[in-house]
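J.: No letters, just coordinates:
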């Protein structure tokens, strides 16, 4: 009716004027919405940081909280499960054999210690590994590792519900291979199934860019107070928080850092960076994002857009007392190849990284010396190299694997004075 009256009583020029006014109102409202969104993204405190409270996903604000978890954590059933997990693949180790001599009694004693809140973790053992990056590992004794599993057994089902699918570290049905396969999927989407750049010289010169980033000294930089604050948003059982605090404080620095080597550290890394995942996926609207512990990649067709995202991520990380590694956080055209999880990934193929191959050759030389001196068995040599071969086979490494397999065969063909127990006759998946 209103539309009819408008048409009957308005001249043509009035209709045009009123139409322009309506459009102006529409555009003004749209601009206001866009400005509000931009202000939200750029919202900074005095130090220029994007405030975490403004960017935490709505799910975490309205998240379900959990109470009375401690009795379940201390239960004999949970301790028994924790023992099985902690001893998996280590049944032959002397400390496992010692612990399970009177398993029921030992677990019951540990249960009572945790229930009475008198548990004190033992000092960590330190050692250095090169894989190929030099890392200082801190290892807990077996009893403490059981306690770590007890905690993760209870917290993991709670947090798994809010972890994003593109977080691939230390999770069931995830891992490095799944992350690499997801990268392959994303590179096809960003390049629109391999569309080439103008004047491409090879079929690998596809469109698209990658932000490859690394958080600087992540495990040594985690703010323990901030982590406990994040945990308290969901875990409302102070006894559980007390036990977690005991484990966190069992470190050189009592306020910052987590021991690289503890299972709890791997799990808490995902908890600590979960809000960063939501910030990148929901606020920055990055569809093609993959994180593995403190390494992550974002794929996009526009490099300027990635540069803007990188600035916003750097600001957001200030809330977590973290920063990106300047030398390892850069934007590359996809056709130049991306170093990710041990491979140099191009569009049509992926190669094992040179430094990983060099590190494997060093390890193989060490194994050769130990084997020739009778310190390890043939079975142990094969077991030590199988994992590496199984991983690099996911790349285009047929010739490389063939050459290295020949090197391993030469080592195993040497005559050594070593008593081969029948248990060493296990069949290998590799034909050495």
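T.: Done, it's in. Not measured: the values here are computed from a predicted model.
J.: Strands of the stretch 151-300 of the chain, start to end?
T.: Remark: strands assigned in the stretch 151-300 of the chain by DSSP state E, counting those that start in this stretch are 209-214, 289-292, 295-300.
J.: and the last one, which strands flank it?
T.: Pointing back at strand 295-300 there. For strand 295-300, the paired strands and their directions (DSSP bridges) read strand 209-214 (antiparallel), strand 289-292 (antiparallel).
J.: export the ones you listed to TSV and tack on mean neighbour count and mean pLDDT?
T.: All C-beta spots, glycine's among them, are computed from the backbone N, C-alpha and C. Output for the strands paired with strand 295-300, formatted as TSV (neighbours: other C-beta atoms under 10 Å; pLDDT from 0 to 100):
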stretch	mean neighbour count	mean pLDDT
strand 209-214	22	97
strand 289-292	22	98
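J.: Kindly confirm whether my reading is correct that residue 63 touches residue 162.
T.: Yes - shown here, residue 63 and residue 162 form a contact pair, counting by C-beta atoms under 8 Å, at 6.7 Å.
J.: and the strands paired with strand 295-300 as a markdown table, adding distance to residue 388?
T.: Shown next, in a markdown table, are those (distance: least, C-beta to C-beta, whole Å):
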| stretch | distance to residue 388 |
| --- | --- |
| strand 209-214 | 23 |
| strand 289-292 | 18 |
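J.: Quick one, grab the pLDDT at residue 38.
T.: Note for residue 38: predicted pLDDT of 40.
J.: give the contact list for residue 350.
T.: 180, 343, 344, 394, 395, 396 (C-beta atoms under 8 Å, 6 or more residues apart in numbering).
J.: related to what we said a few turns ago, minimum distance to residue 94: which of the strands of the stretch 151-300 of the chain has it?
T.: Of all these, strand 289-292 sits nearest to residue 94, with 33.5 Å by C-beta to C-beta.
J.: Let me know which of the strands paired with strand 295-300 is the nearest to residue 321.
T.: Set against residue 321 and scored by C-beta to C-beta, the strands paired with strand 295-300 come closest in strand 209-214, at 16.3 Å.
J.: which residues sit against the closest one?
T.: Residues from elsewhere that reach strand 209-214 (C-beta under 8 Å, 6+ apart): 294-303, 306, 309-310, 313, 324-325, 328-334, 338-340.
J.: Produce a ChimeraX select command limited to the buried residues of these.
T.: In ChimeraX, this line selects whichever of the contacts of strand 209-214 come out buried by 16 or more other C-beta atoms under 10 Å:
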select :294,295,296,297,298,299,300,301,306,309,310,313,324,329,331,332,334,338,339,340
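J.: just so I know, which of the strands of the stretch 151-300 of the chain lies nearest residue 232?
T.: Nearest to residue 232, of all these, is strand 289-292, at 23.4 Å by C-beta to C-beta.
J.: roughly how far is that closest one from the heart of the chain?
T.: Offset of strand 289-292 from its chain centre (C-alpha atoms, centre = their mean, to the nearest Å): 7 Å.
J.: now stretch 138-151
T.: 21 Å.
J.: and what of stretch 237-257?
T.: 21 Å.
J.: show me what contacts residue 167?
T.: Each residue near residue 167 by C-beta under 8 Å, 6+ apart is listed here: 174, 270, 273, 274, 277, 291.
J.: ok, now how distant is it from residue 281?
T.: According to C-beta to C-beta, to the nearest Å, residue 167 and residue 281 sit 10 Å apart.
J.: same check, this time on residue 328
T.: 22 Å.
J.: picking that back up, please convert the buried members of the contacts of residue 350 into ChimeraX selection syntax.
T.: In ChimeraX syntax, the buried subset of the contacts of residue 350 is picked out as below (16+ other C-beta under 10 Å):
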select :180,343,344,394,395
